[in-house]
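Student: let's see this in three dimensions:
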Amino acid sequence: MSIPAEKPEVVQLPAEPPVAPPVNARRAAAQRVREARDRLTSTSGTRPAFDTELLRQYAQTRMSASYVVMLLVVATGVLFGLWIHVVPAAAWTIGMLCIHAAIIRNCARFLGAQPSLAETRKWRTRFVLLDLLYGLCWTAILLHPAGLDIVSNTMMMFLMLLVIAVSSMLAASLPIAALAATAPVTAAIAFNFALSGTYDNYALALLAVAAEGYFALLAHRLHSTTLATLEARAEKDALIGELEQAKAISDEARHRAESANVAKSRFLAQMSHELRTPLNAILGFSEVMKSEIFGPHAVPVYKEYSADIHNSGVHLLNLINEILDLSRIEAGRYELNEEAVSLVHVVADCHHLLKLRATSRGITIHEVFEQGMPRVWADERASRQIVLNLLSNSIKFTPQGGEVWLKVGWTASGGQYLSVKDTGSGIAENEIPIVLASFGQGSNSIKSAEQGAGLGLPIAKSLIDLHGGTFTLKSKLRIGTEVIVTFPPERVMSALAPLAEEVPPLQPETPTTPADDKRRVRNKPIMSAGTGL
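Tutor: Okay, the predicted model is just below:
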């Protein structure tokens with residue numbers, strides 16, 4: 001009996017996630033769809049908005065050149081009045097002026113009306129019919145039996161070219177209207193010349209047809225240029241709209257971020273009070289139990305536990321203070337209490353505070369201070385916090401038996417600097433921006449250092465930025481790290497400019513007499529050295 005083969009297991013491969021097209025491709029596709037839709041709804045193969053704008057330009061051009069057309073009509077009527085009968089010429093002139101007035105009136109009405117797709121089509125048809133009537137009226141005056149003489153033919157040809165040129169330029173925004181205004185004139189003149197049967201008139205007929213083609217091509221070029229200008233302006237308007245929309249979105253995001261920042265500041269302010277209140281009890285009672293004030297513990301391990309609780313509470317309190325300081329700095333609410341501060345004394349005091357910790361780790365701290373340095377105008381608490389953060393980091397990241405150098409001196413521009421250099425593990429170059437960010441720590445530092453929150457360097461950098469100074473961090477792996485903090489020359493007391501106004505006297509001056517001057521000279525002490533008198 002044969003054993004049936006096992007059914008093969010069908011494993012369905014995971015479907016690949018759809019790849020979103022890039023932004024530029026989506027924008028181009030949307031633009032192509034919009035252009036296709038606009039061409040289907042347009043009467044000229046362009047966007048409906050372009051049709052309206054082209055008609056608007058046509059109306060504006062007609063109205064701006066109305067006096068030129070009137071002058072041409074009157075001059076032609078006078079010329080033909082002298083050439084042929086006066087009455088037909090006068091009747092033609094009046095009729096031509098009426099047609100021109102109707103065109104100008106319709107152009108003014110179109111410019112004053114609200115644009116819409118249906119109305120645009122009606123106005124387009126109306127303008128084409130008016131231009132056709134305009135061309136037929138010119139045909140009526142220019143059409144007469146040719147071949148009378150060379151002067152008449154030349155005059156008729158000149159007037160035809162002038163009419164075609166003017167009509168093509170005026171109706172360039174609407175090519176079909178330009179064709180309606182010039183084609184009847186050209187066809188009638190060419191047909192009239194062709195009927196004469198002479199070689200010269202055949203040449204004039206061909207010249208008339210060539211002139212019509214040339215001006216039609218020129219009008220088409222002008223229309224293409226105008227359309228390209230409208231498209232460029234539409235793209236610019238669309239880009240401006242996108243920029244405004246992006247700006248509105250960014251403003252809204254900024255407002256949300258500011259609201260979140262305010263909420264964060266309020267939360268930290270509230271939680272700092274709520275956390276510090278129980279911490280005071282934890283630190284106080286743990287200090288009492290650690291010191292065995294009320295008697296020794298029955299179990300000695302309790303003393304160690306009390307010390308651990310106290311140390312953890314101190315660490316948590318320091319962490320809360322650092323977070324609050326950083327939040328105040330980021331919110332712009334950290335106010336500097338500026339006064340005359342000796343940078344050398346601040347660095348020496350911080351060295352004295354951390355000397356025991358460095359000695360317990362076998363680290364040697366060297367002091368290199370320049371003597372006779374004047375005071376700087378700064379916040380003493382902020383300056384002390386900068387030095388403590390930098391020095392504690394150096395002690396923390398320096399191995400047993402390492403060295404730390406503290407330097408205070410002059411900068412090349414006349415300011416003062418302090419430098420903290422150690423022989424610790426160092427920081428990789430690509431991790432320097434990370435350690436300067438809030439809560440940022442380097443990979444090598446995390447492995448080899450004590451526990452920390454990563455707020456020491458960001459707080460020190462923010463505090464020196466508030467003083468207008470500079471913060472420079474130089475580090476190499478397995479060699480060491482050096483942090484240089486500089487105060488600008490404007491904060492050095494010896495570099496401060498004198499007051500522009502004199503200090504007012506403490507007491508009002510009293511008028512003196514010669515007797516008072518003699519008494520003041522007589523009472524002047526003999527030895528006044530060192531008294532400033």
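Student: going by C-alpha atoms from here, please, whenever you check contacts or count neighbours.
Tutor: Will do.
Student: wait, a helix at residue 106?
Tutor: Yes: under DSSP: H, G, I helix; E, B strand; the rest coil, residue 106 falls within a helix.
Student: number of residues surrounding it?
Tutor: 17 (other CA atoms under 10 Å).
Student: and it, how close does it get to residue 60?
Tutor: 11 Å (CA to CA, to the nearest Å).
Student: one more: residue 228?
Tutor: 19 Å.
Student: try residue 414
Tutor: 69 Å.
Student: and residue 337, what does it touch?
Tutor: 378, 379, 380 (CA atoms under 8 Å, 6 or more residues apart in numbering).
Student: who wins on neighbours among these?
Tutor: residue 378 (22 neighbours).
Student: residue 481 contacts residue 422, correct?
Tutor: Yes: using CA atoms under 8 Å, residue 481 is in contact with residue 422, at 5.6 Å.
Student: the two: which is more packed in?
Tutor: Remark: of residue 481 and residue 422, residue 422 carries more neighbours, 27 against 22, as counted by other CA under 10 Å.
Student: show me the beta-bridge partners of the more buried one.
Tutor: residue 404, residue 481 (DSSP bridges).
Student: how near is it to residue 405?
Tutor: In this view, residue 422 and residue 405 are 6 Å apart by CA to CA.
Student: helices and strands of this structure: which one has the lowest mean pLDDT?
Tutor: Least confident helix or strand of the chain, by mean pLDDT, DSSP states H and E, is helix 514-522 with a mean of 49.
Student: low-confidence ranges in the stretch 1-150 of the chain?
Tutor: When residues are selected by pLDDT under 70, those of the stretch 1-150 of the chain lie in 1-49, 144-150.
Student: pLDDT weak spots in this protein?
Tutor: 1-49, 144-151, 269, 272-273, 331, 440, 442-453, 495-533.
Student: how about residue 378, secondary structure?
Tutor: With three-state DSSP as the basis, residue 378 sits in strand.
Student: OK, contacts around it?
Tutor: Taking CA under 8 Å, 6+ apart, one finds 336, 337, 338, 339, 340, 341, 467, 491 in contact with residue 378.
Student: of the residues you listed, buried ones?
Tutor: 341, 467, 491 (16 or more other CA atoms under 10 Å).
Student: out of those residues, the closest to residue 52 would be?
Tutor: Set against residue 52, the nearest of those by CA to CA is residue 467 (61.3 Å).
Student: what ranges does the chain have for its strands?
Tutor: For the chain, the strands defined by DSSP state E occupy 338-341, 364-369, 376-379, 403-410, 416-422, 470-476, 480-487.
Student: against which helices or strands is the fifth one packed?
Tutor: The helices and strands touching strand 416-422, judged by 3 or more CA pairs under 8 Å, 6 or more residues apart in numbering; DSSP states H and E, are helix 380-397, strand 403-410, strand 480-487.
Student: before we move on, what about the second one?
Tutor: Identification of packing neighbours for strand 364-369 by 3+ CA pairs under 8 Å, 6+ apart yields helix 343-360, strand 403-410.
Student: of the strands of the chain, give the one that comes closest to residue 352.
Tutor: Short answer: strand 364-369, nearest of those by CA to CA, at 10.3 Å.
Student: so how far is the closest one off the chain centroid?
Tutor: Here strand 364-369 is found 48 Å from its chain centre; the criterion is CA atoms, centre = their mean, to the nearest Å.
Student: what comes up buried for that strand?
Tutor: For strand 364-369, by 16+ other CA under 10 Å, it's 364, 365, 369.
Student: what lines up beside that strand in the sheet?
Tutor: Next to strand 364-369 in the sheet, as set by DSSP bridges, lie strand 403-410 (parallel).
Student: now the strand it pairs with against helix 380-397, angle please.
Tutor: Following axes from the mean of the first three to the mean of the last three CA atoms, to 10 degrees, one obtains 150 degrees for the angle between strand 403-410 and helix 380-397.
Student: tell me which of residue 228 and residue 60 has more neighbours.
Tutor: Remark: of residue 228 and residue 60, residue 60 carries more neighbours, 18 against 12, as counted by other CA under 10 Å.
Student: so can I have a markdown table of the helices and strands packed on strand 416-422 showing distance to residue 244?
Tutor: Below are these laid out as a markdown table (distance: least, CA to CA, whole Å):
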| stretch | distance to residue 244 |
| --- | --- |
| helix 380-397 | 42 |
| strand 403-410 | 50 |
| strand 480-487 | 42 |
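Student: for residue 233, find the nearest of the ones you listed.
Tutor: strand 480-487 (52.5 Å).
Student: what's around residue 158, how many residues?
Tutor: Residue 158: 12 surrounding residues under other CA under 10 Å.
Student: over to residue 110?
Tutor: Neighbours of residue 110 (other CA under 10 Å): 19.
Student: for it, what are its contacts?
Tutor: 56, 59, 123 are the contacts of residue 110 under CA under 8 Å, 6+ apart.
Student: now do it against residue 103, distance only.
Tutor: Applying CA to CA to residue 110 and residue 103 gives a distance of 11 Å.
Student: ok, the closest residue to residue 415 other than its chain neighbours - contacts?
Tutor: Of all residues not flanking residue 415 in the chain, residue 489 sits nearest, at 3.9 Å (CA to CA, 6 or more residues apart in numbering). By CA under 8 Å, 6+ apart, the contact set of residue 489 is 413, 414, 415, 416, 495.
Student: which among those residues count as buried?
Tutor: Taking 16+ other CA under 10 Å as the criterion, what is buried in the contacts of residue 489 is 414, 415, 416.
Student: now, which of those sits nearest residue 392?
Tutor: For the buried ones among the contacts of residue 489, the nearest to residue 392 is residue 416 (21.4 Å; CA to CA).
Student: name the nearest residue to the closest one, sequence neighbours excluded.
Tutor: Closest to residue 416 by CA to CA, 6+ apart is residue 410, at 4.5 Å.
Student: right, and that neighbour touches residue 419 too?
Tutor: No: with contact defined as CA under 8 Å, residue 410 does not reach residue 419; the gap is 11.2 Å.
Student: circling back to that earlier point, save the helices and strands packed on strand 364-369 as CSV, and put in distance to residue 271 and mean neighbour count too.
Tutor: CSV is the format used below for those (distance: least, CA to CA, whole Å; neighbours: other CA atoms under 10 Å):
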stretch, distance to residue 271, mean neighbour count
helix 343-360, 29, 16
strand 403-410, 37, 20
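Student: okay, those in JSON lines with distance to residue 235 next?
Tutor: Converted to JSON lines, these look like this (distance: least, CA to CA, whole Å):
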{"stretch": "helix 343-360", "distance to residue 235": "60"}
{"stretch": "strand 403-410", "distance to residue 235": "58"}
